[in-house]
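Participant: 3D, please:
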Amino acid sequence: MKKTYLILAIIGTILPNIFVIRESIESGNYLLYTHPIDTFNAMFINNISAAFITDL
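Facilitator: Numbers count the residues shown, from 1 in each chain. The predicted model follows:
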């Protein structure tokens, strides 16, 4: 059971960072911190993304 949790923790760490790196490269907003206003606006661009952000 410990191995399962370890694998899920590793996947849960790597998977979101793939999207962060992809967005950072596409937008030039590296690690989503260099342009905080743009990051905040993009988080609430539609109802689906707003629902995920508020759930976090």
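
Participant: close enough to count as contact, F44 and I53?
Facilitator: Yes. Assessed by Cβ atoms under 8 Å, F44 is found in contact with I53 at 6.7 Å. (Each C-beta comes from the backbone N, C-alpha and C, glycine too.)

Participant: next one: phi and psi at F44?
Facilitator: Note on F44: backbone dihedrals following degrees, to the nearest 10 are phi -110, psi 30.

Participant: What sits closest to it if chain neighbours are left out?
Facilitator: Leaving out its chain neighbours, the residue that sits closest to F44 by Cβ to Cβ, 6 or more residues apart in numbering is A50, at 4.7 Å.

Participant: Which helix runs longest in the protein?
Facilitator: Looking across the chain with DSSP state H, the single longest helix is helix 2-27.

Participant: so how far is stretch 39-49 from its chain's centroid?
Facilitator: Centre-to-centre, stretch 39-49 and its host chain are 12 Å apart (Cα atoms, centre = their mean, to the nearest Å).

Participant: what's the answer for stretch 29-39, then?
Facilitator: Worked out by Cα atoms, centre = their mean, stretch 29-39 lies 12 Å from the chain centre.

Participant: Quick check: end-to-end length of it?
Facilitator: 8 Å (Cα to Cα, to the nearest Å).

Participant: Just the buried residues of it, please?
Facilitator: 29, 32 (16 or more other Cβ atoms under 10 Å).

Participant: what residues does that stretch touch?
Facilitator: 20, 23-24, 27-28 (Cβ atoms under 8 Å, 6 or more residues apart in numbering).

Participant: Many thanks, I have nothing further to ask.
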